[in-house]
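[1] could you look at this predicted model? Sequence included:
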Amino acid sequence: MENNLDFEVYKANKIKRRAVERELEIIGEAINKLIKINQQIKISYSRQIVDLRNKIIHSYDNVNDIVIWKIIIKDIPVLKNEILNYLS
């Protein structure tokens, strides 16, 4: 239930949504550069991360808030752990 309430707050706040989308663009660009520099580094769903970046930038009017929320809740923590593992 708490996630649903948080989602409603997120959905109602355009500035917060745009800030999250911008951060996802930055993450997508960073992943794109990383896999070009070193293809040995394996990031789960790297292609989808880059594709999301492209969709946000080029098709911003079709960004699905539910999809972005799922990425925030489920995918970003996984990506964070992968990056931390590479850094250690």
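    Everything's here; your move. Numbers count the residues shown, from 1 in each chain.

[2] contacts and neighbour counts: CA atoms only from here.
    Noted.

[3] burial measure for E21, as a count.
    20 (other C-alpha atoms under 10 Å).

[4] do the same with the one 4 residues further on
    For E25, the tally of surrounding residues (other C-alpha under 10 Å) stands at 21.

[5] verify the stated contact: it with I57.
    Yes. Under the criterion of C-alpha atoms under 8 Å, E25 is in contact with I57, at a separation of 7.2 Å.

[6] give the other helices and strands that the longest helix along the chain contacts.
    The residue-count maximum for a helix in the chain (DSSP state H) belongs to helix 14-37. With contacts defined as 3 or more C-alpha pairs under 8 Å, 6 or more residues apart in numbering; DSSP states H and E, the packing partners of helix 14-37 are helix 2-12, helix 46-58.

[7] quick one, the longest one and helix 14-37 angle?
    Same thing as helix 46-58. 130 degrees (axes from the mean of the first three to the mean of the last three C-alpha atoms, to 10 degrees).

[8] now do helix 46-58: which elements does it pack against?
    Helix 46-58 packs on helix 14-37, going by 3+ C-alpha pairs under 8 Å, 6+ apart.

[9] shaky segments in the chain?
    Scanning the chain for pLDDT under 70 picks out the ranges 1-5.

[10] which residue packs closest to the residue positioned nearest the centre of it, ignoring adjacent ones?
    Residue closest to the mean C-alpha point of the chain, counted by C-alpha atoms, centre = their mean, is L24 at 4.0 Å. Nearest residue to L24, sequence neighbours excluded (C-alpha to C-alpha, 6 or more residues apart in numbering): R53, at 6.4 Å.

[11] residue contacts, that neighbour?
    By C-alpha atoms under 8 Å, 6 or more residues apart in numbering, the residues touching R53 are L24, E25, I26, I27, G28, E29.

[12] using a markdown table, please lay out these together with distance to D75.
    Below are the contacts of R53 laid out as a markdown table (distance: C-alpha to C-alpha, whole Å):
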| residue | distance to D75 |
| --- | --- |
| L24 | 11 |
| E25 | 15 |
| I26 | 15 |
| I27 | 12 |
| G28 | 13 |
| E29 | 16 |
